[in-house]
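# A structural model of the following input is requested.
(2 chains)
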Amino acid sequence: MDGPMTLSAKILAAHGVEDLTPGAFALARIDRVMLNDVSGAVSIREFEKMGASSVFDPERVACVVDHFWPAKDARSAALVARLRTFAERQGITDYWEVGATRDAGIEHAILAERGRIMPGDLLVGADSHTCTSGAFGAFATGMGSSDIAAAMALGEVWLKVPEVVEVEFTGSRGEHVTGKDLILAYIGQAGVDGANYAALEFCGEAVDELSLDGRLALCNMAVEAGAKTGMVAADETTLQWLAERVPEAEPVALAADPGAPYDRRASIDLDGMRPMVAAPSSPGNVHSIDELAGTVKIDQVYVGNCSNGTMTDLRQLAEVLRGNQVAPGVRLIVVPATQRIYREALQEGLIEVFLDAGAMMSAPTCGACFGGHTGILAAGEVAVTTTNRNFRGRMGDPESSVYLANAYVAGAAAVAGGLVDPADVLRPEPVR
Amino acid sequence: MTDAAITGRVVRIGDDVDTDVMLPGAYLNITDAQELGAHLLETYSDPEVGPRIESGDILVAGRNCGMGSSREHAPMAMIGRGVQAVIAVSFARIFQRNCINLGLLAIEQPEAAAALQDGDTVTIDTAAGSIVWDGGQGSLPPQPPFIQELLARGGIVEWARHRLAERA
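Prediction:
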């Protein structure tokens, strides 16, 4: 193709997509397929119905047990057994089950940590938050179980070429404003279907300056605006992060060309932006912490998961909790995204800070985020979480409610027993 | 009307109905469509809607139908309950893909989605490209050739089987 190209166009073109006109249909080659215990059980059944006998490449399929893990009941255990047996029979070595395989974790986090996504890759996963991997300058998109069954069988997927939207963040991040706040601000502006079927390319100096962890948080919620994927150009930060974890890999930086033809552009000014919170019951119901501070009394705080369970998030939480106690009547559950993150947090003394404050540690699991187990809410209960969805009944009873925020805000809420500016907890008013 | 026509009673749902509400996460340890069907729209804001859905009904939704989770269990629950089609002002991407892949009719027709009321009878004729209801009618959006092929095969299972055979 002649002329400057977007990052999305470059990746799709490199995977066999010839007509890059938005709305065109194509079959695209894929670099990797991912499935989990919940989606995978259905994928495996459909894979067998297709008459497929073997996956296209056992080294390019990842099976991750994370949703109902540790199994909450016999049925969940059966799903896990099905995935484990399938991986064994197919010779799939990228099988991760916390406690059973060394240093496992939540799907999107474990793929990142193990260097299974490289800049320029095309990844499909049977989980909507597969877009998290866009943080590496990859085209990563979530699909349903049958799509993933076909992808495993064929090594290709059918795609509708998306519109490509440039989302530029101007200005600079203020105190306690993180990758989470950038994406919440975007969803608040665009709405929950503002990016339906589009690929988002996040850019601007503030994005360049974000850590890889911050970029993971940013890309994780692209789907909450309806996007097919969200991505950040692979730069020195990306290469450095990968070099520290997978020294044998040889990733190459990748970005859109200057003057690339975007179908649409969006811009968000960070100057003066405060930490953001998505109030019930939509990730698009976004307000600044100042609007919500003091308005809500809470029962639970849940920090971690695929959206914000990185070392960066845990350090933010620890900063707020150090020397503080979780408020009476509030539960704090902390979910590191992987066992390696858990271990690093332990070595850094963060886990002790959490336990001293009164928190409960959870193993890496999708757990209560999707209303599965380990932290379900009762009718009338209110939670502040760093997860990515706050739909009606998402974390339990339909009459429970969830506020989505960054780890500083969540930690401060745990200490204060309600939504407050994290600065109030970090720098309490001097007693006169 | 052609042989491809289906007729059903309308059950309306609103805008931005997410797949968590369609099929709550607690039931994702179920893989059988009929069993999932028993929980269809269980946590929807109007608790009377879910139990009212009968085999043969056609769901009519507002904007962004099926936003959120990629769980195929949501359209599986609809199929298991006997829902014949979903008509919406617009669909969220993954939900629409899942419907196409499972062979569940998901029709983006804003005019029909706005006009249809609870209890109306609607006829969708995919061969004739028409949609007809009490007091109104419209045309179905044309499907791209690739989607036509997928739908003609009844969904992605048969499509993939065919594609595997082509390669063999």
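
# Tell me the residues of the stretch 251-400 of chain A that contact chain B?
Counting by Cβ under 8 Å from any Cβ of the partner chain, the residues of the stretch 251-400 of chain A lying close to chain B are A:Ser282, A:Phe370, A:Gly371, A:Gly372, A:Ile376, A:Arg389, A:Phe391, A:Arg392, A:Gly393, A:Arg394, A:Pro398. Every residue, glycine included, has its C-beta placed from N, CA and C.

# Try it again at 7 Å.
A:Ser282, A:Phe370, A:Gly371, A:Gly372, A:Arg389, A:Phe391, A:Arg392, A:Gly393, A:Arg394, A:Pro398 (Cβ under 7 Å from any Cβ of the partner chain).

# residue boundaries of the helices in chain B?
B:19-22, B:33-37, B:49-52, B:73-81, B:93-102, B:110-115, B:145-152, B:156-167 (DSSP state H).

# Including mean neighbour count, distance to chain A and mean pLDDT, could those helices go into CSV?
Formatted as CSV, the helices of chain B follow (neighbours: other Cβ atoms under 10 Å in any protein chain shown; distance: least, Cβ to the nearest Cβ, whole Å; pLDDT from 0 to 100):
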stretch, mean neighbour count, distance to chain A, mean pLDDT
helix B:19-22, 27, 5, 98
helix B:33-37, 18, 10, 98
helix B:49-52, 16, 11, 97
helix B:73-81, 26, 7, 98
helix B:93-102, 26, 4, 97
helix B:110-115, 17, 13, 97
helix B:145-152, 14, 4, 92
helix B:156-167, 17, 4, 96
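
# Would you list the phi and psi of residue 143?
By default, I'm working from chain A. When read as degrees, to the nearest 10, the backbone of A:Met143 gives phi -150, psi 180.

# Wait, chain B was what I had in mind.
Torsion angles, degrees, to the nearest 10, at B:Gln143: phi -90, psi 140.

# ok, so what distance separates it from chain A?
Applying Cβ to the nearest Cβ, to the nearest Å, the value for B:Gln143 to chain A is 10 Å.

# That residue - nearest residue in space that isn't next to it in sequence?
For B:Gln143, ignoring the flanking residues on the chain, the nearest one in space by Cβ to Cβ, 6 or more residues apart in numbering or on different chains is B:Leu151 at 6.8 Å.

# Provide a list of residues in contact with that neighbour.
B:Ile100, B:Gly103, B:Gln143 (Cβ atoms under 7 Å, 6 or more residues apart in numbering or on different chains).

# How about A:Val326?
A:Leu332, A:Ala357, A:Gly358, A:Ala359, A:Ala414, A:Val415 are the contacts of A:Val326 under Cβ under 7 Å, 6+ apart.

# Same question for A:Ala255.
Contacts of A:Ala255 (Cβ under 7 Å, 6+ apart): A:Leu7, A:Ala233.

# before we move on, what about the one 5 residues further on?
Contacts for A:Ala260 were tallied using Cβ under 7 Å, 6+ apart; they are A:Pro4, A:Met5, A:Thr6.

# number of nearby residues for the last one?
Residues contacting A:Thr6 under the criterion other Cβ atoms under 10 Å in any protein chain shown number 22.

# For A:Ala199, see how far away it is.
8 Å (Cβ to Cβ, to the nearest Å).

# any common contacting residues for these two?
A:Val164.

# Just give me the longest helix of chain A.
helix A:74-90.

# Can you list the buried residues in it?
Neighbour counts using 16 or more other Cβ atoms under 10 Å in any protein chain shown place A:Ser76, A:Ala77, A:Leu79, A:Val80, A:Arg82, A:Leu83, A:Arg84, A:Phe86, A:Ala87, A:Gln90 of helix A:74-90 among the buried residues.

# Quickly check: it near chain B or not.
Yes - applying Cβ under 7 Å from any Cβ, one finds helix A:74-90 touching chain B at A:Arg75, A:Ser76, A:Leu79.

# was I right about the first one contacting B:Leu28?
Right, the one you point to is A:Arg75. No - A:Arg75 is not in contact with B:Leu28 according to Cβ atoms under 7 Å; the separation is 9.9 Å.

# any idea where the strands of the stretch 201-350 of chain A begin and end?
Taking DSSP state E, counting those that start in this stretch as the criterion, the stretch 201-350 of chain A contains strands spanning A:229-232, A:264-269, A:276-278, A:286-288, A:300-304, A:331-335.

# If you drop the residues flanking it in sequence, what lies closest to A:Trp158?
Nearest one to A:Trp158, counting by Cβ to Cβ, 6+ apart, is A:Leu27 at 5.8 Å.

# which ones are touching the one you found?
A:Leu27 touches A:Gly16, A:Glu156, A:Trp158, counting by Cβ under 7 Å, 6+ apart.

# before we move on, what SS does it have?
strand (DSSP: H, G, I helix; E, B strand; the rest coil).

# Please tell me how far it sits from A:Gly155.
Taking Cβ to Cβ, one finds A:Leu27 at 10 Å from A:Gly155.

# coming back round to it: may I ask which of the residues of the stretch 251-400 of chain A next to chain B has the most neighbours?
A:Arg394 (32 neighbours).

# Can you tell me how far it is from A:Thr387?
In terms of Cβ to Cβ, A:Arg394 sits 8 Å off from A:Thr387.

# How about B:Glu48?
B:Glu48 is 29 Å from A:Thr387, by Cβ to Cβ.

# what's the answer for B:Thr7, then?
Distance from B:Thr7 to A:Thr387, by Cβ to Cβ: 42 Å.

# average pLDDT for the longest helix of chain A?
Across helix A:74-90, the average pLDDT comes to 98.

# Does anything pack onto that helix? Which helices or strands?
Helices and strands touching helix A:74-90, by 3 or more Cβ pairs under 7 Å, 6 or more residues apart in numbering or on different chains; DSSP states H and E, are helix A:37-49, strand A:61-65, strand A:94-97.

# contacting residues around that helix?
Outside helix A:74-90, the residues that reach it (Cβ under 7 Å, 6+ apart) are A:37-38, A:40-41, A:44, A:54-55, A:58, A:63, A:65, A:68-69, A:71, A:95, A:97, B:29.

# before we move on, the earlier item: as TSV, the contacts of A:Ala260 with distance to A:Arg274 would be great.
What follows is the contacts of A:Ala260, written out as TSV (distance: Cβ to Cβ, whole Å):
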residue	distance to A:Arg274
A:Pro4	36
A:Met5	36
A:Thr6	31
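
# Export those as JSON lines, with columns for pLDDT.
As requested, the contacts of A:Ala260 are exported to JSON lines (pLDDT from 0 to 100):
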{"residue": "A:Pro4", "pLDDT": "98"}
{"residue": "A:Met5", "pLDDT": "98"}
{"residue": "A:Thr6", "pLDDT": "98"}
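
# Compile these into CSV and extend it with columns for secondary structure.
Output for those, formatted as CSV (three-state DSSP):
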residue, secondary structure
A:Pro4, coil
A:Met5, coil
A:Thr6, coil
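
# Please tabulate the residues you listed in JSON lines, including the columns distance to chain B.
Formatted as JSON lines, those follow (distance: Cβ to the nearest Cβ, whole Å):
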{"residue": "A:Pro4", "distance to chain B": "26"}
{"residue": "A:Met5", "distance to chain B": "23"}
{"residue": "A:Thr6", "distance to chain B": "18"}
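
# ok, the residues you listed vs B:Leu41, which is closest?
Nearest to B:Leu41 among the contacts of A:Ala260 is A:Thr6, at 38.4 Å by Cβ to Cβ.

# Identify each buried residue in the longest strand belonging to chain B, please.
Using DSSP state E, we find that the single longest strand of chain B is strand B:5-12. By neighbour count with 16+ other Cβ under 10 Å, strand B:5-12 contains the buried residues B:Gly8, B:Arg9, B:Val10, B:Val11, B:Arg12.
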